[in-house]
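Visitor: Let's see this in three dimensions:
(one chain, ligands or ions: 1)
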Amino acid sequence: MLNQHPSVFEELKKVDALVDARNEPEMVTERLPFTVRVVRSEEDILKAVAVRHSAYARHVPVFAQGLREPEDDDLKPNVAIMLAESKLDGSPLGTVRVQINHDRPLNMESSVELPSWLRQSTIADARRLGVVGGGAGRMVKMILFKALFQYWANNGVDWAVVAARPPLNRTYEKLMFSDVLDGGTFIPHPREHNVPHQVLAFEIATAKERWTAANHPLLTFMSYTHHPDIDVGQPVAFGPAKSKFTPRAGDDERNAIRQTAL
Ligand SMILES: CC(C)(COP(=O)(O)OP(=O)(O)OC[C@H]1O[C@@H](n2cnc3c(N)ncnc32)[C@H](O)[C@@H]1OP(=O)(O)O)[C@@H](O)C(=O)NCCC(=O)NCCS
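Guide: Numbers count the residues shown, from 1 in each chain. Prediction:
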């Protein structure tokens, strides 16, 4: 006859789980003076392009000349553009673009050969990050990062992969991205005027666990603060997506933000 009594080991596991649950910090809700969402209309995309252009113009004016209009990549399937907008007057405050490798390699893969373990995974990038200047821009940047992590997690991304030039690579290192090319390599990025870029990756599923283990200063912000003003939408359909400007089922469910493991 089977022993109906749980083993001591199983009992101890339950006790451990209870202790972990008790130690879990409370979730707090924080409202922002701006919203972040995925663009859905031509008007939205032009707002994102405007703030992108002005951000790049501050730092790399010659390169920014080519960013006055939407780029081809803005309109491709499996690409999402996030837009931060002021609640006060609707002005654009920041933007970032994400591609998931569902239907083709990431844009950066035309310049760099990623290790095969990454190529065989669902990977996504973050490009064209740009924010308004000053302190407001810094807050917008952090919230755009949080939106990125939510978007990656909601859409089943295994690894986020970025190519960043110094000193901007430091931001990713601080978030615990690590170098994916042997020897901490900086590769010249032909599509970015051959400026050396560092290629870094981050495993999405273990984000909270690793930030917790590292007692990361952004853990509370990333994992224990609910920001209802971030709406990264429903997961995108796998495979060839429809035009960015075609409404998709579920688009109106703005507030149904899935609480992810982040
Ligand atoms: C990227 C960005 C969002 C970072 O914002 P932030 O964390 O508030 O940081 P700052 O704007 O103060 O920039 C941090 C440093 O990076 C430098 N930097 C910013 N963009 C840069 C660029 N494109 N190329 C080289 N250096 C750049 C700044 O001059 C600053 O250097 P410093 O510390 O020596 O003064 C913001 O700089 C921005 O909008 N940049 C324009 C767009 C851009 O370059 N995006 C990068 C895509 S990889």
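Visitor: so who does L32 touch?
Guide: Counting by CB atoms under 8 Å, 6 or more residues apart in numbering, L32 makes contact with 87, 139, 143, 227, 229. C-beta here means a position set from N, CA and C on the backbone, and glycine is covered the same way.
Visitor: Can you list phi and psi of the spatially closest residue to the second one that is not a sequence neighbour for me?
Guide: Which is M139. Of all residues not flanking M139 in the chain, L32 sits nearest, at 7.8 Å (CB to CB, 6 or more residues apart in numbering). Dihedral angles of L32 (phi, psi; degrees, to the nearest 10) stand at phi -120, psi 160.
Visitor: Could you point out the longest helix of the protein?
Guide: As assigned by DSSP state H, the longest helix anywhere in the chain is helix 134-154.
Visitor: Listing partners with orientation, what would you give for the helix or strand just after that helix?
Guide: Using DSSP states H and E, the helix or strand that follows helix 134-154 in sequence is strand 159-164. Strands adjacent to strand 159-164 in the sheet, as given by DSSP bridges, are strand 123-124 (parallel), strand 195-203 (antiparallel).
Visitor: Please compute how far the shortest one lies from its chain's middle.
Guide: The offset between the C-alpha centroid of strand 123-124 and the centroid of the whole chain comes to 10 Å, using CA atoms, centre = their mean, to the nearest Å.
Visitor: which strands and helices sit next to the helix or strand that that strand is followed by?
Guide: Later in the chain than strand 123-124, the nearest helix or strand by DSSP H and E is strand 127-131. Contact here means 3 or more CB pairs under 8 Å, 6 or more residues apart in numbering; DSSP states H and E; on that basis strand 127-131 packs against helix 42-59, strand 92-99, helix 134-154.
Visitor: Any chance of a markdown table for these, columns mean pLDDT and mean neighbour count?
Guide: Formatted as a markdown table, these follow (pLDDT from 0 to 100; neighbours: other CB atoms under 10 Å):
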| stretch | mean pLDDT | mean neighbour count |
| --- | --- | --- |
| helix 42-59 | 97 | 18 |
| strand 92-99 | 98 | 24 |
| helix 134-154 | 97 | 20 |
